[in-house]
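Undergrad: Need a 3D model of the sequence below.
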Amino acid sequence: MSVWAALLLAMFLACLSRYRKSSSSRLPLPPGPHRLPIIGNVFDMPKRYAGADFNALSDKYGDMVYMDILGQPMLILGSHHIALDLLEKRSALYSDRVRSAMVDLAGFDWLLATMPYGPWWRRHRRAFHQFFNPTAIVELRSIQRTQVGHFLNRLINTPDDFYEHIRHLFSATIMRVAYGIRISEKNDEYMRIAEEGVAAVSRLLSPGKYLVEQLPILRFLPKWMPGAQFRRDAADAQVATHKMRNIPWSRSLEAMHQGTAVPSMTTAMMERMRTLEGSEAENEELVARNTTAAAYAGGADTTLSLIQAFFLVLASFPEVQEKARVELDAVVGPHRLPDFDDRDALPYVCAVIKECMRWHAIAPLGVPHRLIRDDEYRGYLIPKGTLVIVNLWAFSRDERQYPDPEAFLPERFLKDGKLNTDITDPSEFAFGYGRRICPGLHFAESSLFLTLSSVLHTLSVTPQLDAAEKPQRPKIKMTTGVISYPEHFKCVIRPRASWAGALIHANDQLAG
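TA: Residues are numbered from 1 along each chain as shown. Now for the predicted structure:
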């Protein structure tokens, strides 16, 4: 029997087994398009990995849509309420991740977001939580203040490079927190290595890109065979992520040995390991190395996407800046930048950030969860191994919660001049659910508040002018994929007043 014939036979038997099991259940499966024998709903799967396309299925079949793709059961959730019921209240069942062929081939077993649910994952999450829980992140505030100050200064010095400045802000902050490394202003080696590693992860995890994800048995194809490009791509990605995990880590250890290290995640974890020996020490060091790399990989794309969307908002809706400035001028004044303790006194600014998080769904379909055993919900069977896709884009467009969802309206989160707790906060779904919620969410929220409030307080972001000196508002269009970005746009960035420019320069020099 040829290799291809054996692969096809194995695929047929696997799909047939799944089909017979679902057909024999006494409980009905959730609603969904009619499934063909063996191949299931291959032809019903949306062509694009986009929230709107998946939402069309929910409009037709309801807030739970069941599909079968070549034997892989899939459940699409179109309701935040159902997501809470399953992923929060039954998180012990729904916290696993699908076994990805490309993750295995590329050696991405260190990545917290894709790590299978179990003791090894819990060990990594505990390590992460030690540094990013609400109490611990207070110790990181000085780093955040310094990097935001430098960010503002770069924006007024070279405003056309604001995309690069956003990337530098994130890299500089995380490299300092995780490794104690201060990156250079331009062409930094550590920033390049980390970005290449993150890009490699993003490419390999692009939905629908590799057939081996639907037919895992293809992983056994020899590299030289036609159709085995995925194996070569995985090997290249493994090289890039190996550098990302090991080069900054080694640099931090070297600084410790030389006595020049500054406090960081690396130094703290290595100090705790001094009393360990043998395999326990090796495992703990591996957890530490994985956790520091995951701190970068876990927030890189999402942070860049949201801050880019924020600048798009400012260039598109000038009234947002005007209203925010009134509040900031009253609370903060012209002699300092906003700080963490100002948060409760700035409800409109907080509403702008919440609306930005809602209006632009960063990860439209999240990271799929996997059910570890058969479950029953609302009289339906959800089979073991079901891939649960959470349509965060649909949640952000729920007109019952957010009337006129395509409009940018921070006021929807306000009531009587205060934040309205009756409306769903987008952070309830934007950072994930249950035991798989983003472990860095508290740090991310505090960083976003400091960055975005500081931009609103000191800068003017406006559309570019055309030849007739008329504002050209940027087109509002988002990319599709695991992470959604605003399509490239231009804007004009300058200090909002002379005092703002002076404040930025003074703050930058003070930070050093």
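
Undergrad: Could you report the neighbour count for His335?
TA: The tally of other residues near His335 (other C-beta atoms under 10 Å) stands at 8. Where C-beta positions appear, they are placed from N, C-alpha and C, glycine not excepted.

Undergrad: what's the answer for Val367, then?
TA: If you count neighbours by other C-beta under 10 Å, Val367 ends up with 16.

Undergrad: In a strand, it, correct?
TA: No. If the criterion is DSSP: H, G, I helix; E, B strand; the rest coil, then Val367 is coil and not within a strand.

Undergrad: List the contacts of it.
TA: Val367 makes contact with 97, 113-114, 432, 436, 482 under the criterion C-beta atoms under 8 Å, 6 or more residues apart in numbering.

Undergrad: Repeat that for Tyr377.
TA: Contact partners of Tyr377, counting by C-beta under 8 Å, 6+ apart, are 64, 82, 85-86.

Undergrad: In which helix or strand does the most centrally placed residue in the chain reside?
TA: Nearest to the geometric centre of the chain sits Thr302, at 3.9 Å (C-alpha atoms, centre = their mean). Using DSSP states H and E, the element containing Thr302 is helix 278-316.

Undergrad: Could you list the buried residues of that helix?
TA: The neighbour-count check on helix 278-316 (16 or more other C-beta atoms under 10 Å) flags 284-285, 287-316 as buried.

Undergrad: separation between the residue nearest to the centre of the chain and Pro426?
TA: Going from Thr302 to Pro426 by C-beta to C-beta, to the nearest Å gives 13 Å.

Undergrad: cool, Asp301 as well?
TA: Computed as C-beta to C-beta, the Asp301 to Pro426 distance reads 18 Å.

Undergrad: picking up where we left off before, of the contacts of Val367 - the most surrounded one?
TA: Busiest of the contacts of Val367 [other C-beta under 10 Å] is Arg436, holding 23 neighbours.

Undergrad: Run through the residues that contact that residue.
TA: Contact analysis of Arg436 by C-beta under 8 Å, 6+ apart lists 87, 91, 95, 367, 369.

Undergrad: hang on, isn't Asp375 packed against Leu93?
TA: Yes. Between Asp375 and Leu93 there is a contact under C-beta atoms under 8 Å: 5.7 Å.

Undergrad: Please enumerate the helices of the stretch 301-450 of the chain.
TA: Using DSSP state H, counting those that start in this stretch, the helices of the stretch 301-450 of the chain run over 318-331, 347-359, 392-396, 427-430, 441-458.

Undergrad: Over to the stretch 151-300 of the chain?
TA: 162-179, 189-204, 229-258, 265-272, 278-316.

Undergrad: mind putting the ones you listed in JSON lines, distance to Ile137 and mean pLDDT included?
TA: Output for the helices of the stretch 151-300 of the chain, formatted as JSON lines (distance: least, C-beta to C-beta, whole Å; pLDDT from 0 to 100):
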{"stretch": "helix 162-179", "distance to Ile137": "9", "mean pLDDT": "96"}
{"stretch": "helix 189-204", "distance to Ile137": "21", "mean pLDDT": "90"}
{"stretch": "helix 229-258", "distance to Ile137": "20", "mean pLDDT": "94"}
{"stretch": "helix 265-272", "distance to Ile137": "12", "mean pLDDT": "93"}
{"stretch": "helix 278-316", "distance to Ile137": "12", "mean pLDDT": "93"}
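
Undergrad: Any idea which of those gets closest to Tyr49?
TA: With C-beta to C-beta as the measure, helix 189-204 is the member of the helices of the stretch 151-300 of the chain nearest Tyr49 (12.5 Å).

Undergrad: Does that closest one pack against any helices or strands, and if so which?
TA: Packing partners of helix 189-204 (3 or more C-beta pairs under 8 Å, 6 or more residues apart in numbering; DSSP states H and E): helix 101-106, helix 162-179, helix 229-258, helix 278-316.

Undergrad: Any idea how far the longest one is from the middle of the chain?
TA: So the one you mean is helix 278-316. Offset of helix 278-316 from its chain centre (C-alpha atoms, centre = their mean, to the nearest Å): 8 Å.

Undergrad: now swap in stretch 158-172 and tell me
TA: Taking C-alpha atoms, centre = their mean, one finds stretch 158-172 lying 18 Å from the centre of the chain it belongs to.

Undergrad: Now that stretch - C-alpha only, CSV.
TA: In CSV, the C-alpha atoms belonging to stretch 158-172 read as follows (Å, rounded to 0.1, in the frame of the first residue of the first chain):
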residue,chain,number,x,y,z
THR,A,158,9.6,61.4,14.8
PRO,A,159,5.8,61.2,14.6
ASP,A,160,5.7,59.5,11.2
ASP,A,161,7.3,56.4,12.8
PHE,A,162,4.5,55.9,15.3
TYR,A,163,4.1,52.2,14.3
GLU,A,164,7.7,51.6,15.2
HIS,A,165,7.4,53.5,18.4
ILE,A,166,4.4,51.4,19.5
ARG,A,167,6.5,48.2,18.9
HIS,A,168,9.5,49.7,20.8
LEU,A,169,7.3,50.6,23.8
PHE,A,170,6.1,47.1,24.2
SER,A,171,9.5,45.5,23.6
ALA,A,172,11.3,47.8,26.0
